[in-house]
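Student: heads up, no residue letters with this:
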């Protein structure tokens, strides 16, 4: 297809082209989490950084070549090894975080391991310091910049504590949540800054920045997802949105009061993504559920559309203009091995043809009067790409329009939109 | 890839060596099955399991691991010797120290005799407490059991496992979500392709065969032993409640141990006492 045809199709709302693999990289280990794409060494080119189940952090170039690898595996005595699950004892379960934590002009990589250690590496993969907790660290550490240009690192551990370290790895404070923490915390910058995180007993905790509890909100099961903080429309109050493995997406005020909730039929394991996907001036919420579907709901908690894949949607959906036609799409990875590119507006489907089935069903009762539309909006797939394994996470690179996909089988795929 | 069984006769079976009971379940428990041996205290559950692994070791050179979580291995050995089992016919390995497990197993690698490895987790627990090894969310007793099974399987070729008892394992393993964790224990045993006996202490009211109920569904077979009062005598009774891939007679039998052998008698009938 030539560019004139592509431009014509774009103007008329038609989508063209396909997703194509540019390259793939075999890590030779299982992967449990998504990649981070960032220029970590200030060379003007992005790197892809991620952790593996066998305890390595890899940095690969956008051409798919290994730049460096850091081995975070612990050594153990024969007796200690008997107590560990050899296959997972060194796992890196979540994506690393990247930021200049010590204000030296260079970015650092921060990640936690199943052996309970938080590592900080320099941008060449050399270890700077580490901090040992008494339980596996399964969420992504959160990096917070302070006004004095110093940074703090917030992370939860399954030893039931939320830790706050300074940029040198010294403990500032820790908070006992009385339950294992497997989620990623979030820092809310508002009039009164606060830290919000979920724990495995289903409680969403809010602390002040000194670690004192402000409020809690109880959900029905483990909270593994990172909370999202956002203002959904101009003039409206900011809200905290978090999914729980009880299958419900909760929208709360800054004070921890429920605004609305939206129930799905499966666990919600990752962060909800928020953006104005239909250009109505209000932001929508896009998230995946283990009922196999991707959901788009409006700021009042009403469903706009959902799209059902063949298995769980665990990775956070990405909102991006994948084909460069000026309209955004939703990128969702599923445990069914596929990457789905969905139309952000969905597609309107008429339930019945007025004048045919409608008249047959009409009884003449006032109560039978049609009060809703003749159809509903459903999720609409534009493209689909089958990878070699369960999709555990993906990242999107805006300037190159690359979708970087991590699959559990250990492959990193670089997908791009192509027009012939 | 696992071999697909095409006819009933292809299923290999492990007898319980209980005369009268093996005959009513096509010769024994299918190899690789996980069987709950349930009953209240004093019903000879441990002895029934030992009887099977001992006879398999002596007759076919099988290798078994017996995890004893309640009784010390010395007490268990005294018990089986007192019952008349001749332990000189097999290799007996006692493990109460995790640091020398590799060396201990290596000694037996080339032996052609059947082997029973007793793992005394109570003893190991005391040793670990002294060594101050912390058990955390990813480091626990369940891993110890799994790693021993994996190691023996890899080094010697493990055939059978006895866990005595599930109730003690629940206490030791500190299961937070027992239903999910038990699912993975059963999955692990299946993956290892070993024939497993899981000893289950039943509640006194006899309302279910296991502590959480989920074990009944996850296992492949349930053998129930109970104490029954008949006038002023108390007799043991045994029945097969469930056995997958097997045509079974679910009658209740009297369980007797005479002359070093177990017998299942009077199936479906009242014994003349």
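Tutor: Noted; the coordinates are in hand. All values derive from a computational prediction rather than experimental measurement.
Student: pull the contacting residues for the residue lying closest to residue A:340 once chain neighbours are set aside.
Tutor: Nearest residue to residue A:340, sequence neighbours excluded (CB to CB, 6 or more residues apart in numbering or on different chains): residue A:332, at 4.8 Å. Bear in mind the C-beta positions are built from the backbone N, C-alpha and C, glycine included. For residue A:332, the contact set (CB atoms under 8 Å, 6 or more residues apart in numbering or on different chains) comprises A:288, A:294, A:307, A:309, A:313, A:315, A:317-318, A:339-340, A:342.
Student: now distance to residue B:118, pLDDT and neighbour count too, for those, in a markdown table please.
Tutor: Converted to a markdown table, the contacts of residue A:332 look like this (distance: CB to CB, whole Å; pLDDT from 0 to 100; neighbours: other CB atoms under 10 Å in any protein chain shown):
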| residue | distance to residue B:118 | pLDDT | neighbour count |
| --- | --- | --- | --- |
| A:288 | 49 | 97 | 32 |
| A:294 | 53 | 96 | 24 |
| A:307 | 56 | 95 | 24 |
| A:309 | 50 | 95 | 24 |
| A:313 | 48 | 95 | 30 |
| A:315 | 47 | 93 | 26 |
| A:317 | 54 | 96 | 24 |
| A:318 | 55 | 95 | 22 |
| A:339 | 52 | 96 | 24 |
| A:340 | 54 | 96 | 24 |
| A:342 | 59 | 95 | 26 |
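Student: with secondary structure as new columns, can those residues be given to me in CSV?
Tutor: Shown next, in CSV, are those (DSSP: H, G, I helix; E, B strand; the rest coil):
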residue, secondary structure
A:288, strand
A:294, strand
A:307, strand
A:309, coil
A:313, coil
A:315, coil
A:317, coil
A:318, strand
A:339, strand
A:340, strand
A:342, strand
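Student: ok, so of the residues you listed, who is nearest residue A:55?
Tutor: Closest to residue A:55 out of the contacts of residue A:332 is residue A:315 (21.3 Å), distances taken as CB to CB.
Student: wait, what's in contact with that closest one?
Tutor: A:34, A:270, A:288, A:332-333, A:391-394.
Student: go with 10 Å
Tutor: When contacts are counted by CB atoms under 10 Å, 6 or more residues apart in numbering or on different chains, residue A:315 touches A:33-34, A:269-271, A:288, A:331-335, A:339, A:390-395, A:405-406.
Student: which one is the spatially most central residue of chain A nearest to, not counting chain neighbours?
Tutor: Geometric centre of chain A, nearest residue: residue A:316, 3.1 Å, by CA atoms, centre = their mean. Of all residues not flanking residue A:316 in the chain, residue A:270 sits nearest, at 4.4 Å (CB to CB, 6+ apart).
Student: surely that neighbour is within a helix?
Tutor: No: read with three-state DSSP, residue A:270 is coil and lies in no helix.
Student: parallel or antiparallel, list what pairs with the helix or strand residue B:229 falls within.
Tutor: For residue B:229, the enclosing helix or strand under DSSP states H and E is strand B:221-230. Strand B:221-230 pairs in its sheet with strand B:34-39 (parallel), strand B:233-243 (antiparallel), by DSSP bridges.
Student: buried residues in that strand?
Tutor: For strand B:221-230, burial by neighbour count (16 or more other CB atoms under 10 Å in any protein chain shown) applies to B:221-226.
Student: what's around residue A:387, how many residues?
Tutor: For residue A:387, the tally of surrounding residues (other CB atoms under 10 Å in any protein chain shown) stands at 24.
Student: which intervals of chain A have sub-threshold pLDDT?
Tutor: A:1-14, A:351-374, A:420 (pLDDT under 70).
Student: and residue 142, its phi and psi?
Tutor: Went with chain A since none was named. phi -100, psi 130 (degrees, to the nearest 10).
Student: ah, no, chain B please
Tutor: Backbone torsions for residue B:142, taken as degrees, to the nearest 10, come to phi -60, psi -40.
Student: residue contacts, the closest residue to residue A:331 other than its chain neighbours?
Tutor: Leaving aside its sequence neighbours, residue A:331 sits nearest to residue A:318 (CB to CB, 6+ apart; 4.0 Å). By CB under 10 Å, 6+ apart, the residues touching residue A:318 are A:34, A:273, A:275, A:286, A:328-333, A:339, A:341, A:394-396, A:403.
Student: tell me the two of these that are most distant?
Tutor: Within the contacts of residue A:318, two members stand farthest from each other by CB to CB: A:34 and A:328, at 19.6 Å.
Student: looking at the two, which is more packed in?
Tutor: residue A:34 (26 against 19).
Student: I'd like to know how far that one sits from residue A:50.
Tutor: To residue A:50, residue A:34 is 7 Å away according to CB to CB, to the nearest Å.
Student: joint contacts of these two?
Tutor: Residues touching both residue A:34 and residue A:50 (CB under 10 Å, 6+ apart): A:94-95, A:392-393, A:395, A:404, A:406, A:412.
Student: and those residues, which of them are in strands?
Tutor: Those of these mapping onto strands are A:392-393, A:395, A:404, A:406, A:412, per DSSP state E.
Student: CSV for the residues you listed, including neighbour count?
Tutor: Below are these laid out as CSV (neighbours: other CB atoms under 10 Å in any protein chain shown):
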residue, neighbour count
A:392, 23
A:393, 23
A:395, 23
A:404, 25
A:406, 31
A:412, 23
